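In: Take this sequence and fold it.
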Amino acid sequence: MNGCFWDDETGEFEGFNAYGYDGEDLIRFDLKTLTWITPRHQTVINKHNWDSDGNSLFWKYALTEDCRNFLQLYLNYGKRSLQTTVRPSVSLLQKTPFIPVTCHATGFYPDTALMFWRKDGEELHEGAEKGEILPNNDGTFQMSVGLNVSSVTDEDWRRYDCVFQFSGLKDSITTKLDRALIRTNQGSSFGLYIGIAIGAVLMLLVVLVCAVFVTKRRISSGL
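Out: Next up is the predicted model:
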């Protein structure tokens, strides 16, 4: 393995060239001393040969100048995609009225994002439960944060909002805590109950029809 690490903010740079076998380190090049270092006696001969072959300056140049230039070149090529941000869609979810309201954001990129509940503009810590950032199948991400509203009065709902923002950016998406915006399962439950009621009525009609048919047959047989 050979390559380099570079921090464009601090200027810290490190190059490496190392060999291994079967999961164990065999020998590596040290940029500070320009010599080869090995922890195993099997490669001591290689160390002495490579130290004396005159290629130390070649590896120094390859791991510093060449690698740094290629790294900067590839970063410039990928800067547009690496720095692209995709804003999420944010929803308020609550399966039943007796559980916390979840502020859910999905479809955002990159994953360096923050999400939290606020009350009167101040971030909440008590009563709020943050979830992990999870990947979506399309390469974007999702996250959520819950808010316990069991002790929140109707008058105080307007004091709460959910905030999503990318780390290091001032732009944010703010969603007010509003019952009209909350998506619940109540509609689907109501439909389920209606379906059950209709099914029961149909079953009752079938039973009545069968009873009438049997009664007519008995009357016909008696005659």
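In: Check which helix or strand Phe57 maps to.
Out: One correction, residue 57 is Leu, not Phe. Element membership for Leu57, per DSSP states H and E: helix 56-61.
In: Using PDB, list the CA coordinates for that helix.
Out: Taking C-alpha atoms only, helix 56-61 is exported to PDB below (Å, rounded to 0.1, in the frame of the first residue of the first chain):
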ATOM      1  CA  SER A  56      15.400   6.700  -1.000                       C
ATOM      2  CA  LEU A  57      15.200  10.100  -2.700                       C
ATOM      3  CA  PHE A  58      12.900   8.600  -5.400                       C
ATOM      4  CA  TRP A  59      10.400   7.400  -2.800                       C
ATOM      5  CA  LYS A  60      10.600  10.700  -0.900                       C
ATOM      6  CA  TYR A  61       9.700  12.600  -4.100                       C
END
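In: Looking at it now, give me its mean pLDDT.
Out: Confidence over helix 56-61 (mean pLDDT, whole number) is 90.
In: Check what contacts that helix and list those residues.
Out: Residues lying outside helix 56-61 but in contact with it, judged by CB atoms under 8 Å, 6 or more residues apart in numbering, are Asn17, Phe29, Leu31, Leu34, Thr35. Where you see a C-beta, it was placed from the backbone N, CA and C, and this is true even at glycine.
In: now do 7 Å
Out: Under the criterion CB atoms under 7 Å, 6 or more residues apart in numbering, residues Asn17, Phe29, Leu31, Leu34 lie in contact with helix 56-61.
In: burial count for Cys162?
Out: Applying the criterion other CB atoms under 10 Å, we find 26 residues in the vicinity of Cys162.
In: what sits opposite it in the beta ladder?
Out: When bridges are called by DSSP bridges, Cys162 pairs up with Trp117, Thr175.
In: So that it lines up with my notes, have the first residue be 3 from now on.
Out: Taking 3 as the first residue, the last one we looked at is Cys164.
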